[in-house]
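Trainee: Pasting a predicted model and its sequence here:
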Amino acid sequence: MRASNESRASGGEHQARAALGSHSVIVPLSLFDAYIFDLDGTIYLGDELLPGAERLLTQLRAWGKVLRFVSNNPTRDPTMYAEKLTRLGLPIPVDEIINPVVTMTRWLLTTHPDAVVFPISEAPLIRALTEAGIRLSSNPAEVDIVIASYDRGFTYEKLQIAFDAIWFYKRARLVATNPDPYCPLPGGRGEPDAAAVIAAIEACTGTTCEVIIGKPDPLMLHATLQGLNVDLADCLMVGDRLSTDIRMALDAGMASALVLTGGTAASDLEPLPVQQRPNFVLERIDQVLPPSIWQQLGWNDHGSAD
Ligand SMILES: [Mg+2]
């Protein structure tokens, strides 16, 4: 990853804007060299690809653009994501996908290789930690690090172990895989995410979560762009959440596009000062391509070329 050139930060030469469809939509007028996509609420919702995702990614790949996929959802590992995307008709190489299962494991190996860890998480993170040789325990008397995660098997018993390790034995630190309050699902529904587990542990122990590995932590962006010779100024982050996807891009000085198909509505942008807004706002993900390209490709506003 090369450092961002300040004069071109936050969109730079890609900054030109245009209205398309409705007043809230702001689309790019040029192509980027690399695209980083969130997954839930951006590429798919539940078990359905979002409109335009398939044709957009097929086209970007045909042009040889650098593509990466970065999710905060730790309930799958990259292999499971690749399998899901293949099942949905959109095969993506496993090495283009990164999520907190990968970055949490790397972070522990790098910073706390000898720690005894109690993960409140689903199987993929537990499996990755075990395979990495990290010692896991549910005995609060020996736990050094409690990991709060998106865990649909979260129980009072797990909360008690975290409580004892942090509050009673006063030995464990609290870290988390991701800060998301909920994971968006079809029909405007959602599932409580890691923020709910973090809050439960913080509420009873009085401790504060020290590290949250997922977006917007720059660790996720670094892991995503590792090994790529890409200038941040020519890279676009595309996601559905202001506090994670867009915040990570803003903090890095890179351009961002908010897609309104997941956790954010256009009205959520209204109270924000300009410097906290994404460069682009899209109603569907294929609006990542400029209108001139839509015309060349024969696409129309209704996505009938899908
Ligand atoms: Mg998302």
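Mentor: Thanks, I have the structure now. Numbers count the residues shown, from 1 in each chain.

Trainee: Please tell me how far the closest residue to T244 other than its chain neighbours sits from R55.
Mentor: Spatial nearest neighbour of T244, excluding adjacent residues (CB to CB, 6 or more residues apart in numbering): K215 at 4.0 Å. C-beta: built from backbone N, CA, C; applies to glycine. Separation of K215 from R55 (CB to CB, to the nearest Å) stands at 26 Å.

Trainee: Between those two, which is the more surrounded one?
Mentor: K215 (32 against 17; other CB atoms under 10 Å).

Trainee: middle-most residue in this protein, spatially?
Mentor: The centroid of the chain falls nearest to S71 when counting by CA atoms, centre = their mean (3.3 Å).

Trainee: which ones are touching that one?
Mentor: Contacts for S71 (CB atoms under 8 Å, 6 or more residues apart in numbering) come out as D38, L39, D40, Y81, I97, I98, N99.

Trainee: element containing the fourth one?
Mentor: So that's Y81. Using DSSP states H and E, the element containing Y81 is helix 78-87.

Trainee: CA atoms only: put that helix into CSV for me.
Mentor: Provided in CSV are the C-alpha atoms of helix 78-87 (Å, rounded to 0.1, in the frame of the first residue of the first chain):
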residue,chain,number,x,y,z
PRO,A,78,-13.1,-16.2,4.5
THR,A,79,-13.5,-19.8,3.1
MET,A,80,-17.2,-19.8,4.3
TYR,A,81,-17.7,-16.3,2.7
ALA,A,82,-16.2,-17.6,-0.6
GLU,A,83,-18.5,-20.6,-0.5
LYS,A,84,-21.6,-18.4,0.3
LEU,A,85,-20.7,-16.0,-2.6
THR,A,86,-20.2,-18.9,-5.0
ARG,A,87,-23.6,-20.3,-3.9
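
Trainee: In a strand, S256, correct?
Mentor: Yes: S256: assigned to a strand according to DSSP: H, G, I helix; E, B strand; the rest coil.

Trainee: Grab the nearest non-local neighbour of it.
Mentor: Counting by CB to CB, 6+ apart, S256 lies nearest to A249, which is 3.6 Å off, once chain neighbours are set aside.

Trainee: need the strands for the stretch 201-306 of the chain, in chain order.
Mentor: If DSSP state E, counting those that start in this stretch is used as the criterion, the strands of the stretch 201-306 of the chain fall at 211-212, 235-239, 255-259, 280-282.

Trainee: okay if I get those strands as a markdown table plus mean neighbour count and mean pLDDT?
Mentor: Below are these laid out as a markdown table (neighbours: other CB atoms under 10 Å; pLDDT from 0 to 100):
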| stretch | mean neighbour count | mean pLDDT |
| --- | --- | --- |
| strand 211-212 | 20 | 96 |
| strand 235-239 | 27 | 98 |
| strand 255-259 | 28 | 98 |
| strand 280-282 | 24 | 97 |
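
Trainee: So L185 versus I145, what's the distance?
Mentor: Plainly put, L185 is 30 Å away from I145 if you go by CB to CB.

Trainee: Check N72 too.
Mentor: Distance, N72 to I145, by CB to CB: 19 Å.

Trainee: Look at these two and report which has more neighbours.
Mentor: More crowded of N72 and I145, by other CB under 10 Å: N72, with 30 against 21.

Trainee: Show the contacting residues for that one.
Mentor: By CB under 8 Å, 6+ apart, the contact list for N72 reads D38, D40, N99, P100, T177, N178, P179, D180, G214, K215, M220, T244.

Trainee: Near the ion, list only the ones from the residues you listed.
Mentor: Restricting the contacts of N72 to those touching the ion (CB under 5 Å from the ion) yields D38, D40.

Trainee: Pull out the buried members of the contacts of N72.
Mentor: Among the contacts of N72, those scoring as buried are D38, D40, N99, P100, T177, N178, P179, D180, G214, K215, M220, T244 (criterion: 16 or more other CB atoms under 10 Å).
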